[in-house]
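S.K.: Mind looking at a prediction? Sequence and model below.
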Amino acid sequence: MNNHEIKNEIEKIFRDVFDDPDLLINEEMSSDDIPNWDSLNHVNLVGAIERHFGVRFALGELEELEDVGGVIRLVRKKMHSLK
Amino acid sequence: MLFSSYEFIFLFLPIVLGIYWLLGKCRHPVFRKCFLIVASLFFYSWWDLAYLPLICGSIVFNYLLSRCLQDRISLLSLKKKTILWVGVAGNIGLLVYYKYTDFFIFNINWLSGGNVSYWNLILPLAISFFTLQQIAYLVDSYEGIVCERSLLDYALFVCFFPQLIAGPIVHHGEMMPQFKDSRWVGVNLDNVSRGLFIFSIGLFKKLVLADSLAVWVGGGFGGEQALTLIPAWVTSLAFTFQIYFDFSGYADMAVGLALFFNIVLPINFNSPYKARGIIDYWKRWHMSLTRFITTYIYTAILRACVGVTFAKAMAATIIAMLLSGIWHGAGWTFIVWGLLHGIGLVVNHWSVRNKLKIPLWFAWFVTFNFVNMCNVFFRAETMNDAFALLRGMVGLNGFEIPSQLNALIPDLTLLSIGYGDFFTNALFEIKVFGYLLIGFVVCLVFRNSNQIIKNMRFEVKWVIVNAILFYVAVLNLGRGEIFLYFNF
């Protein structure tokens, strides 16, 4: 799966978690740009991404998920290590 | 050795930097790393040589356990999970022993009416900080995201002297790669100039602002007399600005010192008193602690739950903030402080969830006053002292014009308003109001130090500002006020 495909999948998850069916994401977007992206929804987001892609993030990796670009990079890294 | 002392600024730092830069010419990084570790341990031992074995033992203990966790080396055929718990318990046990023994005795005496004598253990410097960093390292080793064979890099990550005593609480993921990166070993003039600038800002904050306010804070909190409205507010506000200038000043100096060595430390403060909500406040105050608590306590609790609900997240928030309070100090005042901030966060989350529309100025006003009120518990020696000051702040101890203001304010005795002493044990000077005004202006209007150095270019105006800050600060060197966070 390339970055573009991962981004499309993640966009669906973002729309679902942040309850915003029209949300469009880009790599630079962070919690400052998405009003509902707080510490509570962050945990929900992480859980949803883990279930969708069948990966497990370590606690120490969650720091890297502070923006959409970070999410894509980490998902890609995790999926790569699964192979 | 304090950052704000003659021996540090004029002896230790120039010598260590000079040798470190010279060693940068050497191809083998092992020499400069060894040198920096020895210098850091010397810096640590300056206070008390007795705790040198403690920090060295802690580093070796955690390094060995982390190697077992990373390599799946069998240790007495223990499972990885058992090794992790041994490590976490060992670190927390050491901290509890030094920090909380007397607090337990106090509570046992209080509950049982007994009279067990205190152990009076002295809290080893930096233990609260290096404990957190090493626990995070063990957890990450257990979870398989760190593989580090170099004891030197690990030791440097723990004891690098700019961040050793009072943070910022660094994560191995941001430090170890920098120690390994050999591109930046010599003198980097850009880093040196930015480092010197932010170091000077920090030194100025500490010596000129925080240490001046400390006199009135000490006068207000330490007095026998119940404070009336004005002195009670002056005391609490003075502390709120003192702790910010003291702690963020320390963090600025740490960031600046690390830059001399071409190491970038995380930002610890981002204009916290501009916050318009408690959630916002904790994103700006002691950010490296917030990061640790969010990742390794709050998220860890929630991930252990099945299904994350709002109620569970709020319970995790309260627990995390209570632990933060306990981490700050052994006393009921710190527990109450943590609990209050936990409740503040819950209320803030509730208002966001219900999309309450709050004017920004009002959100700022409530946040600042809430933080200021909580700080009373943070500073007071006992719960009774805290309540006494809060009584004064709500006017229950009456209202008097400080007699020092006699000449400035028309006679109000006709309105049954009397004149009274301001503080009983500290000289009141009208300039305290000037310092509070400076506090408000610097904290609410100015850009903060990290914003200033981020895009700073070499310009004459910055050189002049830097020189003035450094000169004025150095004039105040040697006051001997310890940094507040050294006690935590």
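M.R.: Right, received. Where do you want to start? Residues are numbered from 1 along each chain as shown, chains lettered A, B, ... in the order given.

S.K.: Quick check: the gap between B:H341 and chain A.
M.R.: Distance, B:H341 to chain A, by CB to the nearest CB, to the nearest Å: 14 Å. For glycine as for every other residue, the C-beta is placed from the backbone atoms N, C-alpha and C.

S.K.: ok now do that residue, which residues does it touch?
M.R.: Residues in contact with B:H341 (CB atoms under 8 Å, 6 or more residues apart in numbering or on different chains) are B:278, B:282, B:321, B:324-325, B:374.

S.K.: quick one: what helix or strand has the most centrally placed residue in chain A in it?
M.R.: Nearest residue to the geometric centre of chain A (CA atoms, centre = their mean): A:V71, 4.3 Å. Using DSSP states H and E, A:V71 sits in helix A:68-82.

S.K.: That helix packs against which elements?
M.R.: If you count contacts as 3 or more CB pairs under 8 Å, 6 or more residues apart in numbering or on different chains; DSSP states H and E, helix A:68-82 packs onto helix A:3-17, helix A:39-53.

S.K.: What residues does the stretch 351-488 of chain B have near chain A?
M.R.: Within the stretch 351-488 of chain B, the positions adjacent to chain A are B:V352 by CB under 8 Å from any CB of the partner chain.

S.K.: Over in the stretch 351-488 of chain B, which residue gets nearest chain A? Let me know.
M.R.: Ranked by CB to the nearest CB, the top residue of the stretch 351-488 of chain B for proximity to chain A is B:V352, at 6.8 Å.

S.K.: quick one: pLDDT of that residue?
M.R.: What the model reports as pLDDT for B:V352 is 87.

S.K.: which intervals of the chain have sub-threshold pLDDT?
M.R.: No chain was given, so I picked chain A. Chain A contains residues with pLDDT under 70 at A:82-83.

S.K.: let's do chain B instead
M.R.: B:72-76, B:183-184, B:402-429, B:479-481, B:485-488.

S.K.: where do the helices sit along the stretch 351-488 of chain B?
M.R.: Taking DSSP state H, counting those that start in this stretch as the criterion, the stretch 351-488 of chain B carries its helices at B:360-379, B:383-393, B:431-444, B:449-454, B:460-475.

S.K.: Just the buried residues of the fourth one, please?
M.R.: In this case it means helix B:449-454. Applying a neighbour-count criterion of 16 or more other CB atoms under 10 Å in any protein chain shown, the buried positions in helix B:449-454 are B:449-450, B:452-453.

S.K.: Between the helices of the stretch 351-488 of chain B, which one is closest to B:A136.
M.R.: Closest approach to B:A136 among the helices of the stretch 351-488 of chain B is made by helix B:449-454 (22.6 Å; CB to CB).

S.K.: and that closest one, what other elements does it pack with?
M.R.: Judged by 3+ CB pairs under 8 Å, 6+ apart, helix B:449-454 is in contact with helix B:189-204, helix B:229-260.

S.K.: how close does the residue nearest to the centre of chain A sit to chain B?
M.R.: A:V71 is 15 Å from chain B, by CB to the nearest CB.

S.K.: Find the nearest non-adjacent residue to that residue, please.
M.R.: Distances taken as CB to CB, 6 or more residues apart in numbering or on different chains put A:L65 closest to A:V71, at 5.2 Å, once the chain neighbours are dropped.

S.K.: So that neighbour: helix, strand or coil?
M.R.: Classification of A:L65 using DSSP: H, G, I helix; E, B strand; the rest coil returns helix.

S.K.: Any figure for the gap between it and chain B?
M.R.: 11 Å.

S.K.: What number of residues are in the vicinity of that residue?
M.R.: 21 (other CB atoms under 10 Å in any protein chain shown).

S.K.: Over to A:D33?
M.R.: The tally of other residues near A:D33 (other CB under 10 Å) stands at 12.

S.K.: backbone phi and psi for it, please?
M.R.: Backbone geometry at A:D33, expressed as degrees, to the nearest 10, gives phi -90, psi -20.
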